[in-house]
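Trainee: sequence first, then the predicted structure, then my questions.
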Amino acid sequence: MISSKVAHEVLETALAKGGDFAEIFLEDTTKNFIEMTSGEVTSATTSNLHGAGIRILDGYNEAYGYCNDLSKKSLNELASKLSQSFNKDKQDISFTIKKVKYENRHKAKVEPLSVPNAKKVEYMKKISEIALNYSPLIKQAMVYLQEETQNVEIINSDGRRVSDVRHHIRITVNVVASKDGKMESAHNSVGKNIGFELIENLDLEAFTKEACESALIMLDAQEMVGQELPVVIHNGFGGVILHEACVHSLEATSVAKGLSVFTGKLGEQIASPIVTAVDDGTLENYWGSLNVDDEGTPTRRNVLIENGILKSYLVDKRNGRRMNTESTGSSRRQSYRYSPTSRMTNTFFVNGTSTFEEIIAATKYGLFAKKMGGGSVNPVTGEYNFAVLEGYMIKDGKITHPVKGATLVGSGKDTLLKIDMIANNLETAQGMCGSVSGSIPTDVGQPTIRVSSLVVGGRGGK
């Protein structure tokens with residue numbers, strides 16, 4: 001996007017007032033979004049984001065700014081303005097910029113933006129038709145197609161010039177079912193860092209029917225009775241518990257400031273001995289995967305918890321300076337308009353030794369949380385509450401009637417210690433994670449787990 005000669009000059013300007021590290025983050029991103037309601041396209045937009053962010057560090061202190069003019073003059077003016085934050089003598093820093101090469105793990109066979117919108121709409125119409133024909137109780141079907149091709153380049157005063165191309169594509173179906181004045185909705189979604197082959201290879205019928213069945217089941221669900229009991233949390237998006245209630249508190253963004261419940265606990269037991277948790281940004285074509293993070297560091301498999309012992313935090317360069325720890329390839333940002341910090345990629349519990357059937361059979365009385373929804377968490381304390389979108393009661397080792405309105409309430413540090421069974425059916429699911437560096441694509445995941453005791457909120461009467 002700019003020559004190495006221009007980049008070198010801009011970085012020298014950024015370091016002129018005493019900074020010890022400077023970085024240029026260049027981005028050119030095209031986004032495409034199509035919305036369909038009951039077979040009719042109701043919205044279609046294409047947008048482009050183009051610009052640069054410049055960051056200067058002096059120890060842990062940071063100056064950051066951005067512009068969308070990539071001319072040498074504009075970049076130098078921004079770098080000069082940011083350098084004034086330090087007002088020291090220039091340090092003796094010399095560097096030669098060299099392009100870093102690596103193997104691209106996340107290739108796209110069919111670039112999403114090369115496919116005509118008319119073809120995409122055909123796939124969306126098929127999904128809508130499957131939903132509306134599934135049952136007369138399905139009254140509405142909404143389909144969303146989200147595509148993004150992000151080209152980034154990171155050039156820094158360590159002499160590294162690294163580029164990456166990310167093709168994020170995601171399709172979602174949301175259905176509304178109605179009966180006797182009651183309405184319920186359900187959705188299904190799939191996304192990857194891949195090409196349009198994701199849609200071409202998708203079993204549209206199975207994908208759509210999963211959402212329809214969930215909505216119809218919940219029409220007859222009873223209100224959950226609030227109580228404390230064992231909870232079996234299903235695989236896939238059930239991993240939102242790990243993501244929100246635990247791993248946000250393992251990000252150096254919080255840990256470096258001492259604002260995490262897990263600060264200073266490396267090497268200590270923080271979870272049940274059967275728990276191993278991983279954040280892995282290298283998994284081929286996964287939604288949260290990257291070749292390099294947004295500081296240009298290669299992503300890697302980070303074992304966070306092993307057999308219940310805290311092994312690692314997620315660390316970016318800046319917070320790593322305060323913690324005296326190297327980067328774990330975990331620095332991310334929404335766009336050039338955000339300064340990067342430590343974030344998750346694909347985060348999950350690894351497989352255990354039980355089966356799903358064994359976990360259900362071993363539960364005399366409890367709640368089966370089949371599908372999890374959103375919630376809130378305090379990253380300092382790890383206290384959380386999450387909605388259960390589709391739940392069932394378990395009695396005498398068998399799944400019985402559906403329940404709605406259940407909310408899981410607890411603390412991440414306590415929940416980790418109460419996991420007493422883990423199945424061997426790991427799956428992941430896609431989401432968007434928000435934090436101080438913006439909203440980014442992340443995978444959450446887990447096998448089915450059982451928590452021996454959780455407070456479950458509900459409005460039902462006994």
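Mentor: Okay, I see it. Numbers count the residues shown, from 1 in each chain.

Trainee: the closest residue to residue 1 other than its chain neighbours and residue 332, how far apart?
Mentor: Among residues not flanking residue 1 along the chain, residue 26 sits closest, at 4.4 Å (CB to CB, 6 or more residues apart in numbering). Bear in mind the C-beta positions are built from the backbone N, C-alpha and C, glycine included. Distance, residue 26 to residue 332, using CB to CB, to the nearest Å: 16 Å.

Trainee: in the stretch 301-450 of the chain, which spans are helices?
Mentor: 317-323, 356-361, 412-417 (DSSP state H, counting those that start in this stretch).

Trainee: can you point out the buried residues in the second one?
Mentor: Meaning helix 356-361. Judged by neighbour count using 16 or more other CB atoms under 10 Å, the buried positions of helix 356-361 are 356, 358, 359, 360.

Trainee: same question, stretch 96-103
Mentor: So for stretch 96-103, counting by 16+ other CB under 10 Å, buried means residue 97.

Trainee: the more surrounded of residue 26 and residue 332?
Mentor: residue 332 (28 against 20; other CB atoms under 10 Å).

Trainee: burial measure for the residue nearest to that one when sequence neighbours are not counted, as a count.
Mentor: If the residues on either side of it in the chain are set aside, residue 332 comes closest to residue 343, at 3.9 Å by CB to CB, 6+ apart. If you count neighbours by other CB under 10 Å, residue 343 ends up with 29.

Trainee: same deal with residue 375?
Mentor: 17.

Trainee: contact partners for it?
Mentor: For residue 375, the contacting residues are 240, 244, 384, 385, 386, 387, 407, 408, by CB atoms under 8 Å, 6 or more residues apart in numbering.

Trainee: which of the residues you listed scores worst on pLDDT?
Mentor: Among those, residue 244 has the lowest pLDDT, at 87.

Trainee: with adjacent residues omitted, what lies nearest to that one?
Mentor: Per CB to CB, 6+ apart, closest to residue 244 is residue 377, 4.4 Å.

Trainee: now do the contacts for that neighbour.
Mentor: Per CB under 8 Å, 6+ apart, neighbours of residue 377: 244, 245, 248, 383, 384, 412.

Trainee: where does the prediction get shaky in the chain?
Mentor: With pLDDT under 70 as the threshold, the chain has low-confidence stretches at 462.

Trainee: and the longest helix for it?
Mentor: Longest helix in the chain by number of residues, with DSSP state H as the criterion: helix 117-134.

Trainee: who are the packing partners of it?
Mentor: strand 21-37, strand 40-58, strand 138-156, strand 160-179, helix 204-219 (3 or more CB pairs under 8 Å, 6 or more residues apart in numbering; DSSP states H and E).

Trainee: tabulate those (JSON lines), appending distance to residue 98.
Mentor: Output for the helices and strands packed on helix 117-134, formatted as JSON lines (distance: least, CB to CB, whole Å):
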{"stretch": "strand 21-37", "distance to residue 98": "15"}
{"stretch": "strand 40-58", "distance to residue 98": "20"}
{"stretch": "strand 138-156", "distance to residue 98": "10"}
{"stretch": "strand 160-179", "distance to residue 98": "7"}
{"stretch": "helix 204-219", "distance to residue 98": "45"}
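
Trainee: so which of those gets nearest residue 7?
Mentor: strand 138-156 (4.5 Å; CB to CB).

Trainee: let's have the buried residues of helix 356-361 in JSON lines, adding distance to residue 3.
Mentor: Listed next are these as JSON lines, based on distance: CB to CB, whole Å:
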{"residue": "356", "distance to residue 3": "56"}
{"residue": "358", "distance to residue 3": "61"}
{"residue": "359", "distance to residue 3": "58"}
{"residue": "360", "distance to residue 3": "62"}
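
Trainee: how about the strands of the stretch 351-462 of the chain, start to end?
Mentor: In the stretch 351-462 of the chain, strands defined by DSSP state E, counting those that start in this stretch lie at 365-377, 383-395, 398-404, 407-411, 419-422, 427-435, 438-446, 449-459, listed in chain order.

Trainee: quick one, which of those is packed in tightest?
Mentor: A comparison of the strands of the stretch 351-462 of the chain by mean neighbour count, using mean count of other CB atoms under 10 Å, puts strand 438-446 on top with a mean of 24.

Trainee: what residues does that one touch?
Mentor: 168, 170, 191, 193, 233, 235-243, 283, 286-289, 332-335, 337-338, 343-349, 426-433.

Trainee: of those, keep whichever come out buried.
Mentor: Buried among those by 16+ other CB under 10 Å: 168, 170, 191, 193, 233, 235-243, 283, 286-289, 332-335, 337-338, 343-349, 426-431, 433.

Trainee: beta-bridge partners for the nearest residue to residue 43 once chain neighbours are set aside, please?
Mentor: Leaving aside its chain neighbours, residue 43 sits nearest to residue 35 (3.9 Å; criterion: CB to CB, 6+ apart). Taking DSSP bridges as the rule, residue 35 bridges to residue 43, residue 144.

Trainee: residues touching residue 35, list them.
Mentor: Counted by CB under 8 Å, 6+ apart, residue 35 has contacts 41, 42, 43, 44, 142, 143, 144.

Trainee: quick one: it from residue 41, how far?
Mentor: 7 Å.

Trainee: what's the neighbour count on residue 113?
Mentor: 17.

Trainee: which of the three states applies to it?
Mentor: helix (DSSP: H, G, I helix; E, B strand; the rest coil).

Trainee: relative to residue 148, how far out is it?
Mentor: For residue 113, the distance to residue 148 equals 9 Å [CB to CB].

Trainee: swap in residue 395?
Mentor: 45 Å.

Trainee: now do residue 271
Mentor: 34 Å.

Trainee: more neighbours: which of the two?
Mentor: residue 271 (25 against 20).

Trainee: the residue nearest the centre of the chain bridge partners, please.
Mentor: The centroid of the chain falls nearest to residue 442 when counting by CA atoms, centre = their mean (1.8 Å). Residue 442 has these beta-bridge partners by DSSP bridges: residue 431.

Trainee: how close does it sit to residue 243?
Mentor: 7 Å.

Trainee: overlap in contacts, these two.
Mentor: 344, 347, 431, 433.

Trainee: want to try CSV for those, with distance to residue 22 as columns?
Mentor: Formatted as CSV, the shared contacts of residue 442 and residue 243 follow (distance: CB to CB, whole Å):
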residue, distance to residue 22
344, 27
347, 31
431, 33
433, 28
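
Trainee: surely residue 392 meets residue 363?
Mentor: No - assessed by CB atoms under 8 Å, residue 392 is found out of contact with residue 363, at 11.3 Å.

Trainee: just to revisit the earlier point, just give me the closest of the contacts of residue 377 to residue 12.
Mentor: residue 248 (37.3 Å).

Trainee: about what we covered before: among the buried ones among the contacts of strand 438-446, which are located in strands?
Mentor: If you go by DSSP state E, the buried ones among the contacts of strand 438-446 have 168, 170, 191, 193, 233, 332, 346-349, 427-431, 433 in strands.

Trainee: still on that earlier bit, can you add distance to residue 155 and give the contacts of residue 377 back as CSV?
Mentor: Formatted as CSV, these follow (distance: CB to CB, whole Å):
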residue, distance to residue 155
244, 34
245, 37
248, 30
383, 41
384, 39
412, 38
